[in-house]
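Asks: any chance you could fold what I've pasted below:
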Amino acid sequence: MLLMSTTEKTRCGWASGLDLAIRYHDEEWGVPRYDDLSQFEFLILESAQAGLSWNTILKKRVGYRRCFVGFDPEQVARFTRQDIERLMADASIVRNRKKIESAIHNARIFLDLAAKHGSFSKWLWRFVDGKPVQNARKNMCEVPPTSPLSDDIAKEMKKLGFKFMGSIVVYAQIQAMGLVNDHLTSCFRYEQVRALSEDK
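Replies: Model prediction:
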């Protein structure tokens, strides 16, 4: 897939059409994030995406933020059966019972990891020694759905009991959170994102 050009900016090919996708690509995707609130938000969103398009999730992001109380893991971890039924009736999110239940289940493990390691983010970033991996993809077909890194993280998360966090979901997570820079080298964001990691 070729890069897309909008208003004279060259972007990764997936960032086209939907304004939400373009804005997400330009402002968020690949930016190194070290806060647990962002990490937890994307654990929910990326696992919800499984089998769906990312654009579908972006359109429902506001609904997810409301339904999952600002992506606060402590509050989500306390959700009850009544909360699950409430969410199942809310069309502003993906009404998949297993995904909803896994989000609550994962919140509890997320908090356990945060307590043991100081934060979930610290636990995750140790897989790359705290420094983003700078890839140099020239074409979208070079961007893999998984990597040895995501395989290792997914394997560890499975051992810890996380659900809906296979290697594909984990790779999307580490792309979004900036553990890997997968902007194409000709994308206007590639150097910008790389500079952010160098400033860290």
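
Asks: going forward, measure contacts between C-alpha atoms and count neighbours the same way
Replies: Fine.

Asks: tell me what the one helix or strand Gln82 maps to is packed against?
Replies: When elements are assigned from DSSP states H and E, Gln82 belongs to helix 81-88. Secondary-structure packing of helix 81-88 (3 or more CA pairs under 8 Å, 6 or more residues apart in numbering; DSSP states H and E): helix 97-117.

Asks: so which residues of this structure form helices?
Replies: With DSSP state H applied, the chain shows helices at 19-27, 36-49, 54-59, 61-67, 73-77, 81-88, 97-117, 120-125, 148-160, 167-176, 188-199, listed in chain order.

Asks: output those as TSV; include the columns distance to Lys9.
Replies: Conversion of the helices of the chain to TSV gives the following (distance: least, CA to CA, whole Å):
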stretch	distance to Lys9
helix 19-27	10
helix 36-49	26
helix 54-59	20
helix 61-67	25
helix 73-77	37
helix 81-88	39
helix 97-117	36
helix 120-125	30
helix 148-160	30
helix 167-176	20
helix 188-199	6
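
Asks: Lys138 reaches Leu184, doesn't it?
Replies: Yes. If you go by CA atoms under 8 Å, Lys138 and Leu184 touch, sitting 5.3 Å apart.

Asks: with neighbour numbers in mind, choose between those two.
Replies: Neighbour totals were compared for Lys138 and Leu184, and Leu184 leads with 23 against 17 (other CA atoms under 10 Å).

Asks: and the more buried one, what does it touch?
Replies: The contact partners of Leu184, by CA atoms under 8 Å, 6 or more residues apart in numbering, come to Arg11, Cys12, Ala136, Arg137, Lys138, Asn139, Met140, Tyr190.

Asks: next one, pLDDT for the second one please.
Replies: The confidence metric pLDDT takes the value 95 at Cys12.

Asks: go on, Arg33?
Replies: 97.

Asks: can you list phi and psi of it for me?
Replies: When read as degrees, to the nearest 10, the backbone of Arg33 gives phi -120, psi 130.

Asks: give me the nearest residue to it, chain neighbours excluded.
Replies: In space, Arg33 comes closest to Met177 once its chain neighbours are excluded; the distance is 5.2 Å by CA to CA, 6 or more residues apart in numbering.

Asks: surely that neighbour meets Leu37?
Replies: No. With contacts defined as CA under 8 Å, Met177 does not count as touching Leu37, sitting 11.3 Å away.

Asks: I'd like to know how many residues surround Lys60.
Replies: The number of residues near Lys60, taken as other CA under 10 Å, comes to 16.

Asks: let me know whether it touches Arg95 as I believe.
Replies: No. Because the distance of 11.1 Å does not satisfy CA under 8 Å, Lys60 is recorded as not touching Arg95.

Asks: okay, the contacts of Leu184 in CSV with distance to Asp19 next?
Replies: Below are the contacts of Leu184 laid out as CSV (distance: CA to CA, whole Å):
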residue, distance to Asp19
Arg11, 13
Cys12, 14
Ala136, 26
Arg137, 24
Lys138, 24
Asn139, 22
Met140, 20
Tyr190, 20
